[in-house]
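**Student:** my questions are about this predicted structure, shown below with the sequence.
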Amino acid sequence: MSPVGKPHPKDKFTPSEDEKLKLLVKVLGVSNWKKVSEYMVTRNARQCRDRYKNYLAPHLNSSPWCKEDDEKLLNLVEQHGRKWSLIAKEFTGRTDINIKSRYALLMRQEERDRHKHESEPEFVHEIEAQPLYSQNIIEDFTQPPMMDDGLINFDYGDIQQFDFDL
C-alpha cells in the first residue's frame, strides 16, 4: 500500500472491483476517470482507465485465440516488429495489451517446447526409433541363452555346495 491508502499499481483487481468499476463507468462514463477513481477508493484514475479499456470494455473480444489468429499475430510481428498498437488494428476487439500478452505467451510456449526437446538425452530418440519387439520374438523366448554370451556367468560346481534338502 502507498502512503495515501492506494494499493501498489501491480496489485490485481478483484472480481468485485471489476464489477464496481463497470457500474461506475456505466453511470459516470468513460471520460471522468478521476471521479471514477474517487468512488473506487483504492485505485487511481489511470488504473481504472487502463483496467476498463484493456479488460472490461464491452466491445473487447475475450474469446479464446484460435490457431489462425496466432499465426496471423506471428506474421504481423515478423512484418512490423513489436508495434502492438499497429498490430492490434488488425484484430477486431483485441487491445495492444492483449496482443502483447498473447505474443509473450506464444514465445514462452515455443521456448519451453524447444528447451524440452533439447534437454532430452539422445538415447531417448534412439529408443523411440527402435521397434518395441524383436522380429524373432518367438526365438527370443524359446532359445535358452548361450553360456558363453556373458549373460549366464557361474560355475555349475558352485551349485553342488548348496544343501537343497532343507
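**Tutor:** Done, it's in. Computed from a prediction, not measured in an experiment: that's the story for all the values here.

**Student:** ok, now which ones touch T14?
**Tutor:** By Cβ atoms under 8 Å, 6 or more residues apart in numbering, the contact set of T14 is empty. Every residue, glycine included, has its C-beta placed from N, CA and C.

**Student:** show the pLDDT at it.
**Tutor:** Predicted confidence (pLDDT) for T14: 95.

**Student:** now do the helices in the chain.
**Tutor:** 15-28, 33-40, 45-51, 67-80, 84-88, 96-119, 122-129, 137-142 (DSSP state H).

**Student:** of those, which is nearest N61?
**Tutor:** Taking Cβ to Cβ, helix 96-119 is the member of these nearest to N61, at 8.0 Å.

**Student:** still on that earlier bit, in CSV: the helices of the chain, plus distance to N61 and mean neighbour count.
**Tutor:** Shown next, in CSV, are these (distance: least, Cβ to Cβ, whole Å; neighbours: other Cβ atoms under 10 Å):
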stretch, distance to N61, mean neighbour count
helix 15-28, 17, 15
helix 33-40, 23, 18
helix 45-51, 17, 18
helix 67-80, 10, 13
helix 84-88, 11, 17
helix 96-119, 8, 13
helix 122-129, 41, 9
helix 137-142, 56, 9
